[in-house]
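Visitor: Just the structure for this:
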Amino acid sequence: MRNRLIILPLLVLFGCTPQENPQALGSLERDRISLTATANEIIERIDVKEGQAVKQGDVLLTLSSISQRAVLAKAVAQEVQAQTQLTKLLNGERSEDVASAQANVENARVRLDNEEKQYRRIAELVARKLSSPAEKDNALAKRDEARASYNAALQTLKKLSAGYRAEDIEVARAELAAAKANVELEQHKLSELTITATREGVIDSLPYHQGERVPVNGIVAIIAAETKPYARVYLPELQVAHYPVGTQVTVHVDGIEKAMMGKVRWISKDSSFTTYRSMSARDRSRLVYLTKIDLPDSAASLPAGIPVQVDLDDDYE
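Guide: Below you'll find the predicted structure:
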C-alpha cells in the first residue's frame, strides 16, 4: 500500500508535465580557413597571436626560404643561358668567322686555279710525249683534291652566311619560354613561404611554434572568418521534407533570451547517424541530415561553438 502511494504522485507529475516540442540540436559555427605549408621548412617568425583580428593580405608567419632562394637562383641562371643561346642563333655567326671563311674560299680557289693550269701543262707534255702518263695522273689527282677543298670551303661560307636553321631557332625559343615559366613557378613557391591571411577574420589557431619544422600541407594557421555565424544542426530524416532550402525556422541560442528567425541555407544530400549529444536516447538510432541555417544580422557578434536548438514540427514522430 505504501509503494502504491509513492508511485501515484509520480504518475500524476509525469502525466501533467507538458511534452516539449521536438528540436534539432547543434551549435553556432563560422567559416574556418585553414592555411597550409607548401614546403617542409622551419618557421622563422610568427607575426600574429591567437585571437588577433587580421585583414586579407596580413602576414601571419614566415617559413625559412634559404633552400627555395637557391632553387630560384638556379632557375634564373638557366633562363639567362636560354636567352643567350637564342640571341646567338638570331644574330648568326660572328663577322670575324664569316670573313675567315671567305678567306679560306679565296685561298682554295687560287690553289684550284694553279692545279688546273699545272694539269693542263702536263697533259700537253704527255700529248707531245715529253712527259710520262704517271705525271699526268698525279697532276689530275692534285687538281681534283684542290677542287674538293674549294667546294668544302664554299659550303662552309654559305652555311655561316645563311645563319642557323629555323628549326633550331624555334627549339631555342621553346627552351627560353620553359625557363621563364620555371622562374615564375619558383618565384611563386618562394612567395608562398610567407603565409598571409586570405580572408578577413580572427586567428583561431596556430598549431606550430616558432622554430618548429612543419610538414608539407601541414596546417599552420586557422582563421575564423569575420562573417555572421550560422546554425549547424542535425535534422531528423522524417523532417527533411518539411524544411526545404529557404524555409524560415525559429532558432534558440543558449544565453540569448529572445529566439531568432533563421533561414535554411543547405541540407546535406547524404544522411548520417546522430551524434550522442545531438538527440535523445530514443532518437540516437535515427538517421539525420546535416543542415546549415543562416541567422539574422543580430547574431553577427556571437562566438562560434554556442549550442543552439531549432524548433521542429511535432507531427513527425
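
Visitor: and residue 304, what is it in contact with?
Guide: Neighbour list for residue 304: 27-30, 224, 229 [criterion: CB atoms under 8 Å, 6 or more residues apart in numbering]. All C-beta atoms are positioned from the backbone trio N, CA, C, and that covers glycine.

Visitor: Check for me that it belongs to a helix.
Guide: No: counting by DSSP: H, G, I helix; E, B strand; the rest coil, residue 304 is not found in a helix; it is coil.

Visitor: picking that back up, let me have the contacts of residue 304 in a markdown table, extended by neighbour count.
Guide: Below are the contacts of residue 304 laid out as a markdown table (neighbours: other CB atoms under 10 Å):
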| residue | neighbour count |
| --- | --- |
| 27 | 17 |
| 28 | 21 |
| 29 | 17 |
| 30 | 21 |
| 224 | 20 |
| 229 | 24 |
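
Visitor: what's the most distant pair in those?
Guide: Largest separation among the contacts of residue 304 by CB to CB: 27 and 224, giving 13.6 Å.

Visitor: right, and residue 230 touches residue 265 too?
Guide: Yes: with contact defined as CB atoms under 8 Å, residue 230 counts as touching residue 265 (6.8 Å).

Visitor: Please say which of those two ends up with more neighbours.
Guide: residue 230 (24 against 14; other CB atoms under 10 Å).

Visitor: what's the helix or strand containing residue 172 packed up against?
Guide: Secondary structure from DSSP states H and E places residue 172 in helix 166-191. In this structure, helix 166-191 packs against helix 66-91, with contacts taken as 3 or more CB pairs under 8 Å, 6 or more residues apart in numbering; DSSP states H and E.

Visitor: tell me the domain boundaries of this protein?
Guide: As assigned by automatic domain parsing, the chain contains the domains 20-30+227-311, 34-64+190-225, 73-184.

Visitor: Dump the ones you listed to TSV, plus mean pLDDT.
Guide: As requested, these are exported to TSV (pLDDT from 0 to 100):
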stretch	mean pLDDT
domain 20-30+227-311	83
domain 34-64+190-225	95
domain 73-184	85
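
Visitor: From residue 260, how far out is residue 137?
Guide: Using CB to CB, to the nearest Å, we find residue 137 at a distance of 116 Å from residue 260.

Visitor: shared neighbours of residue 230 and residue 265, which are they?
Guide: Overlap of the contact sets of residue 230 and residue 265 (by CB under 8 Å, 6+ apart) consists of 292-294.

Visitor: and those, which are buried?
Guide: Buried members of the shared contacts of residue 230 and residue 265, counted by 16 or more other CB atoms under 10 Å: 292-293.

Visitor: Among the shared contacts of residue 230 and residue 265, which are located in strands?
Guide: 292-294 (DSSP state E).

Visitor: Next SSE downstream of the lengthiest helix in the chain?
Guide: Ranked by residue count under DSSP state H, the longest helix found in the chain is helix 95-127. Following helix 95-127 in sequence order, the next helix or strand is helix 133-162 (DSSP H and E).

Visitor: quick one: that next one to chain centroid distance?
Guide: 62 Å (CA atoms, centre = their mean, to the nearest Å).

Visitor: Just the buried positions in it, please.
Guide: 136, 139, 142-143, 146-147, 149-150, 153-154, 156-157, 160.
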